[in-house]
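Colleague: Pasting the sequence and the predicted model now:
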Amino acid sequence: MSTKQTLSFQAEVAQLLHLVTHSLYSNQEIFLRELVSNASDACDKLRFEGLNNNALYEDAPNLEVRVSFDKAAKTLTITDNGIGMSQQEAIDHLGTIAKSGTKDFMGKLSGDQKADAQLIGQFGVGFYSGFIVADKITVESRRAGLKAEEGVRWISGGTGDFEVETITRAQRGTSIILHLRDDAEEYLNAWKLKQVIAKYSDHISLPILMEKEEWKDGELINPSDENGGRQPGGMVKTGEWETINKASALWTRPKKDITEEQYAEFYKTISHDHEAPLTWAHNRVEGNTEYTQLLYIPAKAPFDLWNRDKKAGVKLYVKRVFIMDDAEALMPTYLRFVKGVIDSADLPLNVSRELLQESRDVRAIREGSTKRVLSMLEDLAKHDKHDTAAGADGVTDVVDADDKAKEGKYTAFYAEFGAVLKEGLGEDFGNRERLAKLLRFASTTSDAVTVGFADYKARMKEGQEAIYYITADTLAAAKNSPQLEVFKKKGIEVLLMTDRVDEWALNYLQDFDGTPLQSVAKGAVDLGKLQDEAEKKAAEEAAEAFKPVLAKLKEALKDKADDVRVTTRLVDSPACLVVQDDGMSTQLARLLKQAGQEAPQTKPVLEVNAEHALVKKLDGSVHFHDLAHILFDQALLAEGGLPEDPAAYVKRVNALLA
C-alpha cells in the first residue's frame with residue numbers, strides 16, 4: 001500500500017536551502033563531487049555492515065556508482081547500490097541536519113562564493129548542494145535487507161517542505177534524480193560529466209560507470225538520394241556501461257604515477273577543505289606491521305580545532321575496505337589536525353573502536369604515523385628560512401627548487417597549529433625532545449613567533465645558566481611586564497609565551513638540551529654570574545636598610561601576599577608579583593577560573609623596588625596602609641589581573657590624588 005505524506009523541513013534546513021539555491025553559484029560543479037562522494041560512502045557502509053551480515057549484498061555483490069542523464073526530461077541521475085535508506089532514514093537524513101551544523105555553517109560564510117561553496121561538505125550537508133543546479137530533487141531508495149515493497153521516494157523543490165511515499169524498488173541502494181534548471185543544462189553532456197568526475201572523483205576506489213555513446217549520422221533528407229544531404233547527427237547511447245574513473249584507491253598506486261594535483265584533489269575530498277594541503281607524506285611501511293599511510297598537514301586550521309567533542313583522526317581501511325572515519329586511536333590528540341588514510345594489511349576486517357585501543361598493531365601504526373608527521377614538520381622547519389647571501393667569492397648558494405618551495409611553510413603551519421602541537425609535551429613523553437625542537441616563540445628580541453629553544457641557546461650570554469621565559473595573556477602584556485626590567489637592562493633575551501596552553505605544557509618540560517627553563521615570574525631572581533659583586537652588595541645593603549618597612553608591608557598585606565621582599569629584578573617599576581618556585585602562576589590560576597575550573601588558593605609574593613620613589617615614600621607616610629594596597633593592586637594590574645575590590649582601589653587612589 002502506497003502512503004504519501006508531506007513534511008516540513010527543519011528550520012535550519014530551509015535556511016540552508018535558501019542559501020544554496022540563491023548564493024552558491026560560482027562553483028556549480030562541486031554538487032557532483034558531493035553526490036558521488038555520498039554514493040561512495042553508502043557503498044562503504046554496506047561493505048562494513050556486510051562483514052557481519054553477508055545477506056545484505058542480496059544478489060549484487062559488486063558495488064558501483066552509475067551516472068546517467070536524460071536530455072529530453074532534463075534529468076541527471078546518480079545511482080549507487082550501497083546501503084540505501086528506509087523511509088524513516090530518508091526523513092531523518094534528508095529533512096534535518098545535526099544539531100549545530102547549520103548555525104556553524106552560517107557563521108563561517110565569508111561572502112566569497114567560491115570559498116562558501118566549499119563549506120557545504122565540511123558540515124555534512126553535501127546532499128543539499130544538488131539544489132545548486134536543480135529546482136527539484138527526487139530520491140528513490142531501499143535499504144539493504146528490506147523487502148522490495150519497502151522502498152521510499154522523497155521529493156522536494158528545495159523550499160519549505162518535502163513529500164515522502166512508499167514505493168516498490170527491486171534494487172537496493174539510492175538513486176538521486178536532479179531535475180536540472182535551464183542554466184545547468186551543460187550537465188546533460190557526457191563529456192562535461194566525465195571532465196568533472198575525473199577532476200574530483202578519480203581516486204574513488206569504486207567503479208563510476210556511464211553509458212557509452214557513439215556518433216551516429218543523421219537520416220538522409222531524401223532516402224533515394226545519397227548526395228541530397230542528411231539531418232544533423234549526434235551522440236547515441238549504446239546500452240553498454242563503461243568505467244570512467246581509475247577505480248583504484250589513490251594510496252595503493254605507485255607514487256611516481258600520482259601527480260601533485262591528484263594528491264591535492266584527494267586531500268580536498270577527504271577533508272572538505274577548499275585549500276591545497278601544506279605538505280603530505282605517502283609511504284608503504286613493511287616489517288612486523290604492514291600498512292600504507294597517506295598523511296596530509298592542512299594549510300589552515302579547521303573551524304572546530306578546539307572543539308573537544310569533535311571526533312578527529314584519519315580514515316582507516318583494512319586491505320582497501322573502508323572501516324571507519326576519524327580513527328582517533330591511530331593518531332595522538334595533539335596531531336588531530338592531520339588528515340589522511342591508513343590502510344592496514346594486518347588488522348581484522350571486523351575491527352571495532354574498542355579493539356583499536358588494545359591492538360599491538362594499532363600501537364605500532366600510531367607510533368609510526370606520529371613519527372612520520374613529526375618528520376614532515378622537521379623537514380618544513382629545516383627549510384623555513386634559507387640564507388642565500390653571497391659568499392666571500394660572490395657565489396650565491398644554489399637553492400633546490402623543492403627546498404625553495406618549503407620556505408616560510410613552517411612559520412605558516414605554526415601560526416595555525418603551534419598551540420595544539422604544544423599539547424604533545426604533556427601527551428607524548430617519547431617524542432618530547434623532538435617536539436621541544438619544533439616549538440617557536442616571540443622574544444624580547446623578536447615580536448615574530450619564530451624563536452626556537454636552539455636559536456635562544458645559541459645567543460645566550462656567557463655565564464647565563466637558564467633559558468628565561470614569561471607567560472602572559474597577550475604579547476603586549478608580556479613585553480611590558482615589570483618582571484623583565486632587569487633582563488632588558490642587561491640585554492638578556494626572554495621568551496614571550498602568550499598561548500593559553502603554554503603554562504600547562506611547560507610543566508612537562510623542565511629543560512632543553514640540558515639547560516633549565518626558568519620563568520622570570522617564579523621564585524627570587526638569581527642572575528648568578530651575570531650579576532657583578534658590586535650589584536649584589538648594593539642589593540643586600542638596600543634590603544637590610546628596608547627591613548622595618550618590609551615588616552609593616554607584610555602586616556598590612558597579610559591577607560593578600562604570601563610574602564613581601566626586596567628585589568633586584570625591577571628597574572623602573574615600584575613593585576611586581578611573583579609566585580614561589582613550585583607555585584601555580586597567577587596567569588594559570590586566572591585561566592582556570594575563566595574556564596570554570598577550580599584553581600588552588602595561592603597568594604603571590606610582592607617584590608618591591610627599594611630604590612623607587614613611591615616605595616621610599618612609604619616610610620613614615622600617614623597613608624601607609626592605603627599606599628601598600630595600591631602598590632599590590634597596581635602590581636596585579638600590570639600583569640593582567642584585576643583587584644579583588646576594584647571600587648576600593650579607585651577610592652584609595654582618588655583619596656591620594658585629592
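Modeller: Everything's here; your move. Numbering: from 1, shown residues only.
Colleague: rest of the way, CA atoms for contacts and neighbours
Modeller: Fine.
Colleague: In the stretch 251-400 of the chain, where is pLDDT below threshold?
Modeller: Low-confidence segments of the stretch 251-400 of the chain (pLDDT under 70): 308-310, 349-350, 386-400.
Colleague: what about the helices in the stretch 51-200 of the chain?
Modeller: If DSSP state H, counting those that start in this stretch is used as the criterion, the helices of the stretch 51-200 of the chain fall at 87-95, 101-108, 113-122, 190-200.
Colleague: Go ahead and name everything in contact with the longest one.
Modeller: Pointing back at helix 190-200 there. 29, 32, 33, 186, 187, 244, 245, 265, 266, 269 (Cα atoms under 8 Å, 6 or more residues apart in numbering).
Colleague: Let's see that with 6 Å instead.
Modeller: Helix 190-200 is contacted from outside by residue 33, using Cα atoms under 6 Å, 6 or more residues apart in numbering.
Colleague: Okay, buried residues for the next helix or strand after that helix please.
Modeller: Going down the chain from helix 190-200, the next helix or strand is strand 208-216, by DSSP states H and E. By neighbour count on 16 or more other Cα atoms under 10 Å, the buried set for strand 208-216 is 208, 209, 210, 211, 212, 213.
Colleague: out of these, who's nearest residue 418?
Modeller: residue 208 (40.4 Å; Cα to Cα).
Colleague: Nearest spatial neighbour of that closest one, chain-adjacent residues omitted?
Modeller: Leaving out its chain neighbours, the residue that sits closest to residue 208 by Cα to Cα, 6 or more residues apart in numbering is residue 65, at 4.8 Å.
Colleague: List the beta-bridge partners for the one you found.
Modeller: residue 80, residue 208 (DSSP bridges).
Colleague: if I read this right, it contacts residue 78, doesn't it?
Modeller: No: counting by Cα atoms under 6 Å, residue 65 stays clear of residue 78, with 7.1 Å between them.
Colleague: Could you dump the buried residues of strand 208-216 into JSON lines and include distance to residue 220 and pLDDT?
Modeller: As requested, the buried residues of strand 208-216 are arranged in JSON lines below (distance: Cα to Cα, whole Å; pLDDT from 0 to 100):
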{"residue": "208", "distance to residue 220": "37", "pLDDT": "93"}
{"residue": "209", "distance to residue 220": "33", "pLDDT": "94"}
{"residue": "210", "distance to residue 220": "30", "pLDDT": "93"}
{"residue": "211", "distance to residue 220": "27", "pLDDT": "91"}
{"residue": "212", "distance to residue 220": "25", "pLDDT": "88"}
{"residue": "213", "distance to residue 220": "21", "pLDDT": "83"}
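Colleague: Worst mean pLDDT among the helices of the stretch 51-200 of the chain?
Modeller: Least confidently modelled of the helices of the stretch 51-200 of the chain is helix 113-122, at a mean of 51 by mean pLDDT.
Colleague: Distance check, the residue nearest to residue 208 against residue 39.
Modeller: 7 Å (Cα to Cα, to the nearest Å).
Colleague: Now the residue lying farthest from the centre of the chain: which helix or strand?
Modeller: Residue distances from the centre of the chain (Cα atoms, centre = their mean) peak at residue 224, which lies 71.3 Å from the mean C-alpha position. Residue 224 is part of no helix or strand when elements are defined by DSSP H and E.
Colleague: List the contacts of the longest helix along the chain.
Modeller: Taking DSSP state H as the criterion, the chain has its longest helix at helix 360-382. Residues outside helix 360-382 that contact it (Cα under 6 Å, 6+ apart): 330, 331, 410.
Colleague: What remains of those if I keep only buried residues?
Modeller: Buried among these (16+ other Cα under 10 Å): 330, 331, 410.
Colleague: so the last one, which of the three states?
Modeller: The three-state assignment at residue 410 reads helix, by DSSP: H, G, I helix; E, B strand; the rest coil.
Colleague: what sits up against stretch 608-621?
Modeller: With Cα under 6 Å, 6+ apart, stretch 608-621 has contacts from 566, 567, 570, 574, 575, 624.
Colleague: Can you tell me which of the residues you listed is nearest residue 460?
Modeller: Looking across these and measuring by Cα to Cα, the closest to residue 460 is residue 570, at 21.2 Å.
Colleague: what about the closest one, how many neighbours?
Modeller: 23 (other Cα atoms under 10 Å).
Colleague: Now do it against residue 422, distance only.
Modeller: Distance from residue 570 to residue 422, by Cα to Cα: 31 Å.
Colleague: what does residue 273 give?
Modeller: Counting by Cα to Cα, the gap from residue 273 to residue 422 is 24 Å.
Colleague: picking that back up, redo the contacts of helix 360-382 as CSV? Include distance to residue 375.
Modeller: Below are the contacts of helix 360-382 laid out as CSV (distance: Cα to Cα, whole Å):
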residue, distance to residue 375
330, 17
331, 14
410, 12
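Colleague: Nearest residue to residue 440 in space, please, no chain neighbours.
Modeller: With sequence-adjacent residues excluded and distances taken as Cα to Cα, 6+ apart, residue 440 is closest to residue 452, at 4.7 Å.
Colleague: hang on, that neighbour packs against residue 443?
Modeller: No: if you go by Cα under 6 Å, residue 452 and residue 443 don't touch, sitting 9.8 Å apart.
Colleague: if you count what's nearby, which of those two comes out ahead?
Modeller: Between residue 452 and residue 443, counting by other Cα under 10 Å, residue 443 is the more crowded of the two (24 against 17).
Colleague: which sections of this structure are below the confidence cut-off?
Modeller: Using pLDDT under 70, the flagged stretches of the chain are 1-2, 19-27, 97-125, 228, 308-310, 349-350, 386-402, 523-536, 581-600.
Colleague: Over to stretch 507-520 now: how far is its first residue from its last?
Modeller: Start-to-end span of stretch 507-520 (Cα to Cα) is 15 Å.
Colleague: Check stretch 142-159 too.
Modeller: 25 Å.
Colleague: That stretch: how far from the chain's middle?
Modeller: How far stretch 142-159 lies from its chain's middle: 36 Å, per Cα atoms, centre = their mean, to the nearest Å.
Colleague: Show me which parts of it are buried, residue by residue.
Modeller: 142-144, 148, 150-159.
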